[in-house]
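Participant: give me a 3D structure for the following:
(chains A and B)
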Number of protein chains: 2
Amino acid sequence: MKIDAPRLHRRIAALAEIGDTGDGGVCRLALTDDDKAGRDLVLTWMRELGLRVEVDVVGNITGTWPADATEAPVLTGSHIDTVRTGGRFDGNLGVLAGLECIETVITAGTELARPLAVGVFTDEEGSRFAPDMLGSLVFVGGMAPEEALSTSDRDGLVLGDELARIGYAGPIPCPQRPPHAYVELHVEQGPVLEAEGITIGAVTGVQGISWQELTITGQSNHAGTTPMHLRHDAGAVAAQIAVAVRDLATSPGGPHVGTVGRLDLHPDLVNVVAGRAVLTVDLRDTDEAVLAAAEKSFAEQVRALAEAEGVEVATRTLARFEPVAFDEALVDLVEAIATEHGHSVKRLPSGAGHDAQMLARVCPSAMVFVPSVKGISHNPAELTSDSDIEAGANVLLDLLLELATDRLQIRKRSVAGSAEGAA
Amino acid sequence: MKIDAPRLHRRIAALAEIGDTGDGGVCRLALTDDDKAGRDLVLTWMRELGLRVEVDVVGNITGTWPADATEAPVLTGSHIDTVRTGGRFDGNLGVLAGLECIETVITAGTELARPLAVGVFTDEEGSRFAPDMLGSLVFVGGMAPEEALSTSDRDGLVLGDELARIGYAGPIPCPQRPPHAYVELHVEQGPVLEAEGITIGAVTGVQGISWQELTITGQSNHAGTTPMHLRHDAGAVAAQIAVAVRDLATSPGGPHVGTVGRLDLHPDLVNVVAGRAVLTVDLRDTDEAVLAAAEKSFAEQVRALAEAEGVEVATRTLARFEPVAFDEALVDLVEAIATEHGHSVKRLPSGAGHDAQMLARVCPSAMVFVPSVKGISHNPAELTSDSDIEAGANVLLDLLLELATDRLQIRKRSVAGSAEGAA
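Facilitator: Numbers count the residues shown, from 1 in each chain, chains lettered A, B, ... in the order given. As a prediction, the model looks like this:
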């Protein structure tokens, strides 16, 4: 059984027309008129297929087949909201490939042991309403619906009001009943698969995130008249800290990635020693112990650098999420199916956050990645080749079939040998 | 013979009232109405003393005594224009102390072999019209008057028009006849003298300046999904370059100072690897060979860092001035007089530019520094103690007397022994 690739590509193109930014990109911020139009289109397709369409209190949509199913479904899906300068694949692929898989199963007349469902989660990007992954977080009980509904965007518009305005304040309560399992197809949004010539990523989990903002206070001075040994140069310490972050992330045992993406000097003039510097530090790892150790080592280095220069450093936590590990058996299954399909496959963690990490709190979950050209994402240039999309959707299809026919236990035993052989 | 310290302090306070910013500071940008008012006040004092007042084609003012002198004078002075957030001592001290010295000589009835003159140079700060030290540059023939007069400020107002508007477009042509010698009293604008508890700085010269702007182009990427080895992180390279500048300036044989005062990342977001970074590098040294070697070493390091990260670096020269060495005999004389007065004294280069470096092109020149509290300058908090001002003005007085009585050759011989003993 194979998906109908042209049909999937047509749906991706049709959805991308809503919020089209004219440069290949899409702007469909959560709960805007464009989000409503996108949701309406996806619902039309769900209804045409005869799925049971349900909307919950925070606007998460599920389409279930068979429509009269009562058992917990095998759920797939993702989101269709985008960042302001988004692409056409991030999120949308997971929703539309899920729909395509269900249509393929329906068309084939296959009978399954469990129902299938495709979900569209509200406000995954968090570009309009914080936090990101809000819909799936509420879906699994990680946030009270009331709290989510009272969240405001930067213009003071309230999520609950906007949800009602676009007609997606549904009756289904949250947290919802946990699905039997959750699997999500997504573009990698990073360069690893393309760089290594790999078609399918078997996602092992989502990295933990540590975001800090450091404000360094030194002494602003004349760059010509102040000798080096009398300086309290906030800019020099900021640079040393940025280099320390880089060294930390490239050292054995260090965090997977470390980034200083923001760095501002004051007064930011060529001939003035900076009196103040603000920088952010983004550390990520799949292992909480590694992430915590990196934070500790980093804090010690900052202390030493600050003391050596005679500056003050104030640190503020901007975000802190522990790593999420996906279900081992499901990750193995992704790997096995991809291999059976003749694709190259690599186990890798996700650097970005996804709805799957929220679903992992309540059911066995996993993700399938397909390559992003040049690793570009959150950008109109975001691209995944047609053949990679087809490959990923077919892996998703077999994954759903395996899970819905409860053949996983059998599969696990047969896979164990080949996985060892490949390692 | 000693200067009248209260009279000098009164004049400093009176001049500081013009353009008073209410917080102890002064804003008297070149060729504004406040500059005119300041010039008018200084001219009133010059005329009250019976000096011969002359204004040249770019507005430089000289007050000469005796009024009928024809010989090249021993010139002192500085400037009375300030930066937008200026203090009351930078420049003003040199002009008013020079005036005070001449008044002291007149009052004492001392007869000198050479005339004395005090100069007020136009637009030293360069805050309104570029370049800085414009008036003294034209005075010595380093820039054609026509070029200076056609310079515009950021509002498009032309220097020549502004000069005429405030009534200071004078008849004296430039370049002017070189003075016999030039000596200038100035606040240090740096922390060295105060930090070492020294009263008088015998300024050995003005550092050469090398200003560069570097634009680093890498690849903007997701900070979570892009592994370290696949990054082309413009921000990381900027930080490494800033650390390299610091290391260069603190290494033996390196330049006296090195500063990265500006550093901007794009897009400057916590979770995005910077695709572009712009930073400035300010290197200074009193030795042209050291400065040139530092530039060369720096360029090599930048090349290596860029290659290692796979980024492009474009370098633009913003400014390049060779170092100026003051007259050895005059520097010795400053040291000897300060020592005779019972003051601690230190030979040091000037980190900032001064009119004296322009005069050094045409006559023996030197400067006397007095301490700046906390090294603060170009700031309303700029401060030099009353006693240090008095000490500096009395050193200037004896310096002028020595030069105007042609006793320098005798002095040089007698000083040689004690200078060796102190070294």
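Participant: so where do the helices sit in the stretch 101-250 of chain A?
Facilitator: For the stretch 101-250 of chain A, helices defined by DSSP state H, counting those that start in this stretch occupy the ranges A:134-139, A:145-149, A:159-165, A:192-196, A:234-250.
Participant: buried deepest among those, which one?
Facilitator: helix A:134-139 (a mean of 29; mean count of other CB atoms under 10 Å in any protein chain shown). C-beta: built from backbone N, CA, C; applies to glycine.
Participant: same for it, what does it pack against?
Facilitator: If contacts are counted by 3 or more CB pairs under 8 Å, 6 or more residues apart in numbering or on different chains; DSSP states H and E, helix A:134-139 sits against helix A:145-149, helix A:355-359.
Participant: how far away from the center of its chain is that helix?
Facilitator: 13 Å (CA atoms, centre = their mean, to the nearest Å).
Participant: with only the CA atoms kept, save it in CSV.
Facilitator: Taking Å, rounded to 0.1, in the frame of the first residue of the first chain, the C-alpha atoms of helix A:134-139 are listed here in CSV:
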residue,chain,number,x,y,z
LEU,A,134,0.2,25.4,23.5
GLY,A,135,-2.5,23.3,21.9
SER,A,136,-0.8,20.0,22.4
LEU,A,137,0.2,21.0,25.9
VAL,A,138,-3.4,21.6,26.8
PHE,A,139,-4.4,18.4,25.0
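Participant: what ranges does the stretch 51-200 of chain A have for its strands?
Facilitator: Listed in chain order, the strands of the stretch 51-200 of chain A (DSSP state E, counting those that start in this stretch) span A:52-55, A:61-65, A:74-78, A:116-120, A:181-187, A:200-206.
Participant: using a markdown table, lay out the helices and strands packed on helix A:134-139 together with distance to chain B.
Facilitator: Below are the helices and strands packed on helix A:134-139 laid out as a markdown table (distance: least, CB to the nearest CB, whole Å):
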| stretch | distance to chain B |
| --- | --- |
| helix A:145-149 | 22 |
| helix A:355-359 | 12 |
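Participant: ok, back up a step: now the helices of the stretch 101-250 of chain A in CSV, with mean pLDDT?
Facilitator: Output for those, formatted as CSV (pLDDT from 0 to 100):
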stretch, mean pLDDT
helix A:134-139, 97
helix A:145-149, 97
helix A:159-165, 98
helix A:192-196, 95
helix A:234-250, 98
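Participant: out of those helices, the one nearest B:C101 is which?
Facilitator: Across the helices of the stretch 101-250 of chain A, B:C101 has its closest neighbour in helix A:234-250 (41.2 Å, CB to CB).
Participant: for the closest one, the distance to its chain's centre please.
Facilitator: From the chain centre to the centre of helix A:234-250 is a distance of 27 Å (CA atoms, centre = their mean).
Participant: give the other helices and strands that it contacts.
Facilitator: Short answer (3+ CB pairs under 8 Å, 6+ apart): helix A:234-250 packs on strand A:208-217, strand A:257-259, strand A:263-266, strand A:276-285, helix A:288-309, helix B:234-250, strand B:263-266.
Participant: what about 6 Å?
Facilitator: When contacts are defined as 3 or more CB pairs under 6 Å, 6 or more residues apart in numbering or on different chains; DSSP states H and E, helix A:234-250 packs onto strand A:208-217, strand A:257-259, strand A:276-285, helix A:288-309, helix B:234-250.
Participant: so which residues make contact with that helix?
Facilitator: A:216, A:218, A:254-255, A:257-258, A:260, A:263, A:265, A:274-277, A:279, A:281, A:294, A:301-302, A:305, A:309, A:311, B:228, B:236, B:239-240, B:242-243, B:246, B:260 (CB atoms under 6 Å, 6 or more residues apart in numbering or on different chains).
Participant: now do the contacts for A:T85.
Facilitator: So A:T85 contacts A:G25 (CB under 6 Å, 6+ apart).
Participant: again, only using 8 Å
Facilitator: A:T21, A:G25, A:C27, A:H378, A:N379, A:P380 (CB atoms under 8 Å, 6 or more residues apart in numbering or on different chains).
Participant: can I get those residues in JSON lines including pLDDT and neighbour count?
Facilitator: Output for the contacts of A:T85, formatted as JSON lines (pLDDT from 0 to 100; neighbours: other CB atoms under 10 Å in any protein chain shown):
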{"residue": "A:T21", "pLDDT": "94", "neighbour count": "16"}
{"residue": "A:G25", "pLDDT": "93", "neighbour count": "21"}
{"residue": "A:C27", "pLDDT": "95", "neighbour count": "18"}
{"residue": "A:H378", "pLDDT": "86", "neighbour count": "22"}
{"residue": "A:N379", "pLDDT": "87", "neighbour count": "21"}
{"residue": "A:P380", "pLDDT": "89", "neighbour count": "18"}
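Participant: which one of those is nearest to A:L43?
Facilitator: Nearest member of these to A:L43, counting by CB to CB, is A:C27, at 20.6 Å.
Participant: ramachandran angles for the closest one?
Facilitator: phi -120, psi 100 (degrees, to the nearest 10).
Participant: also the one 4 residues further on?
Facilitator: Its backbone dihedrals place A:L31 at phi 70, psi 20, with angles given as degrees, to the nearest 10.
Participant: SS state for A:L348?
Facilitator: Following DSSP: H, G, I helix; E, B strand; the rest coil, the label given to A:L348 is strand.
Participant: any idea what it is bridged to?
Facilitator: Residues in a beta bridge with A:L348, per DSSP bridges, are A:V203.
Participant: A:A274 is in contact with A:L265, isn't it?
Facilitator: Yes: assessed by CB atoms under 8 Å, A:A274 is found in contact with A:L265 at 4.2 Å.
Participant: circling back to that earlier point, buried members of the contacts of helix A:234-250 into PyMOL, please.
Facilitator: Buried residues among those (16 or more other CB atoms under 10 Å in any protein chain shown), as a PyMOL selection:
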select buried, (chain A and resi 216+218+254+255+257+258+260+263+265+274+275+276+277+279+281+294+301+302+305+309+311) or (chain B and resi 228+236+239+240+242+243+246+260)
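Participant: ok, the contacts of A:T85 vs A:G63, which is closest?
Facilitator: A:G63 has its nearest neighbour among the contacts of A:T85 in A:C27, at 24.8 Å by CB to CB.
Participant: can you put the strands of the stretch 51-200 of chain A in JSON lines and add mean neighbour count and mean pLDDT?
Facilitator: Shown next, in JSON lines, are these (neighbours: other CB atoms under 10 Å in any protein chain shown; pLDDT from 0 to 100):
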{"stretch": "strand A:52-55", "mean neighbour count": "18", "mean pLDDT": "98"}
{"stretch": "strand A:61-65", "mean neighbour count": "24", "mean pLDDT": "98"}
{"stretch": "strand A:74-78", "mean neighbour count": "28", "mean pLDDT": "98"}
{"stretch": "strand A:116-120", "mean neighbour count": "28", "mean pLDDT": "98"}
{"stretch": "strand A:181-187", "mean neighbour count": "30", "mean pLDDT": "98"}
{"stretch": "strand A:200-206", "mean neighbour count": "25", "mean pLDDT": "97"}
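Participant: which one of the ones you listed lies closest to B:V105?
Facilitator: Per CB to CB, nearest to B:V105 of the strands of the stretch 51-200 of chain A: strand A:200-206, 81.8 Å.
Participant: helices and strands around that closest one, which ones?
Facilitator: Applying 3+ CB pairs under 8 Å, 6+ apart, one finds that strand A:200-206 makes contact with helix A:192-196, strand A:324-325, helix A:328-340, strand A:345-350, helix A:355-359, strand A:365-370, helix A:386-404.
Participant: from the middle of its chain, how far away would the last one be?
Facilitator: Between the centre of helix A:386-404 and the centre of its host chain there is 19 Å, according to CA atoms, centre = their mean.
Participant: just the fifth one next, same as before
Facilitator: A distance of 9 Å separates the centroid of the chain from that of helix A:355-359, by CA atoms, centre = their mean.
Participant: can you check the shortest one too?
Facilitator: Centre-to-centre, strand A:324-325 and its host chain are 13 Å apart (CA atoms, centre = their mean).
Participant: list the strands paired with it, with their directions.
Facilitator: Strand pairing for strand A:324-325, using DSSP bridges, gives strand A:200-206 (antiparallel).
Participant: who touches the strand it pairs with?
Facilitator: Applying CB under 8 Å, 6+ apart, the set of residues contacting strand A:200-206 is A:188, A:192-193, A:286, A:323-326, A:331-332, A:334-335, A:338, A:341, A:343-350, A:352-354, A:356-357, A:366-371, A:391-392, A:395.
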